[in-house]
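Asks: show me how the following folds:
(one chain, ligands or ions: 2)
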Amino acid sequence: MNVHYQCHTCGTTYKVNPYIWKCTCGGVFDLIKGNVSFSASMVDKNTPSMWRYNAAMPIDRTFWKNITMGEGNTPLIPLEENVQVKVDYMMPTLSFKDRGAAALISKAKEMGVEHVIADSSGNAGTAIAAYAKRANISCDIFLGEGTSDKKMAQVKAHGADIRVVKGSREDVAEAAKRAVEEEGKFYASHVYNPFFYEGTKTYAYEIWEQLDEMPDTLIIPVGNGTLLLGVYYGCKELLENGLIDKLPKIIAIQAENCAPIAKAFTSGEQAALPVENTGTLAEGIAIARPARAATILEAVRQTDGQFLTVDEEEIAHSRSVLAGKGFYVEPTTAANYAGFLKYNRSMNEKVIIPLCGAGIKV
Ligand SMILES: *Cc1c(COP(=O)(O)O)cnc(C)c1O
Ligand SMILES: [Zn+2]
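Replies: Ligands and ions are numbered 1, 2, ... in the order given. Here you go, the predicted model:
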């Protein structure tokens, strides 16, 4: 599959190259693939992981087959009538980030990369560290001081060098970007690298294959929007190939204490202004200045979706309600269920809620 980068802001195109990660104008890259042609017969039924949709992904089998740990192919479980959870914490590193990390690191290996840098609030860093180790790529992960001990231990266990940065989540990202420039290393960013979304889009492909259609509505958490945008790209590809007949509504969830995109959505803006993160249990979605906010707003509007915010009490309460149903999730994931409880669903509307991160991570 022939692909190139295109700046989302100014439209400049670039050849894919391991050492560029944003446009000279500062804009983020979209991955341009032309039309992705895909049909049900192209699902690789012998591969019980997200790689069964490899025909729709610009990533070569030679590289992922040595790196994969069977990520994806997660179960859909009924919660109540018309409502299912997709248990995406059933992953090698216990969060959905494995979808994106497996794709991104496979691509990095294909490009001959030997050293990567990433920054994270925890789960993305863990996933990048694990897959980098499998690919025999050395790895530095930038984490904030406040990162949960368990997430920190998980990253360390995979042999990554942890660089702890004082300050906000944005300060952590800035430090990582500086190191990428100064040390000339590959930026394995789940936010900036478009190949990460080639992994997260399999969340949509799986639901389509599991149900033979799409539900009316997908609840999706949003910090940087890596699951949301992956799902949006995946659904668009399924639609273009006539495999579904409309885009499911995306209901995007943010924590009330850090909700820059929800705010922009409500006031009809095309872009989001940074907010102050006033602190939330949902640390995995606490992104005050999301780099892809404009695309996320476009995506939610395109699907006729909406944004909902949830407060701390709702998040804590939802975590125990889910545990009471057998699902032990991290607080960030409880926000998804809290958002679902607030969503004013119509009769017979079918909804899927993702359970993105395991409870023992925090
Ligand atoms: C990363 C993460 C999110 C949010 O994903 P974004 O890409 O930042 O929108 C939600 N839940 C969990 C468990 C995560 O690890
Ligand atoms: Zn540009």
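
Asks: next up, the contacts around the residue of the stretch 101-250 of the chain found nearest ligand 2.
Replies: Going by CB to the ion, ligand 2 is nearest to Y192 of the stretch 101-250 of the chain, at 12.9 Å. Backbone N, C-alpha and C define where each C-beta goes, glycine included. Taking CB atoms under 8 Å, 6 or more residues apart in numbering, we find Y192 in contact with W21, K22, V28, F29, A291.

Asks: surely it is within a strand?
Replies: No. If the criterion is DSSP: H, G, I helix; E, B strand; the rest coil, then Y192 is coil and not within a strand.

Asks: and which of the contacts of Y192 is nearest to ligand 1?
Replies: A291 (10.5 Å; CB to the nearest ligand atom).

Asks: quick check, the closest one in a strand?
Replies: No. Counting by three-state DSSP, A291 is not found in a strand; it is coil.

Asks: next one, pLDDT for it please.
Replies: The model reports A291 with a pLDDT of 97.

Asks: so what's the residue count around it?
Replies: 19 (other CB atoms under 10 Å).

Asks: separation between it and I261?
Replies: 11 Å (CB to CB, to the nearest Å).

Asks: ok, A102 next?
Replies: Distance from A102 to I261, by CB to CB: 26 Å.

Asks: try A130
Replies: A130 is 29 Å from I261, by CB to CB.

Asks: follow-up on the earlier one: quick one: which of A102 and I261 has more around it?
Replies: The neighbour comparison of A102 against I261 (other CB under 10 Å) goes to A102, with 34 against 27.

Asks: so the more buried one sits against T202, correct?
Replies: No. The criterion here is CB atoms under 8 Å, and A102 misses it with T202 at 9.6 Å.

Asks: strands of the stretch 151-300 of the chain, start to end?
Replies: 161-165, 186-187, 217-221, 249-255 (DSSP state E, counting those that start in this stretch).

Asks: which one, of those, ends up nearest to T278?
Replies: Closest of the strands of the stretch 151-300 of the chain to T278 is strand 249-255, at 9.4 Å (criterion: CB to CB).

Asks: any idea of the mean pLDDT for stretch 246-257?
Replies: pLDDT averaged over stretch 246-257 gives 98.

Asks: can that stretch be said to contact ligand 1?
Replies: No. If you take CB under 6 Å from any ligand atom as the test, stretch 246-257 misses ligand 1, and the best it gets is 8.9 Å.

Asks: quick check: buried residues in that stretch?
Replies: L247, P248, K249, I250, I251, A252, I253, Q254, A255, E256, N257 (16 or more other CB atoms under 10 Å).

Asks: cool, and stretch 334-351?
Replies: By neighbour count on 16+ other CB under 10 Å, the buried set for stretch 334-351 is A334, A335, N336, Y337, A338, G339, F340, Y343, K350, V351.
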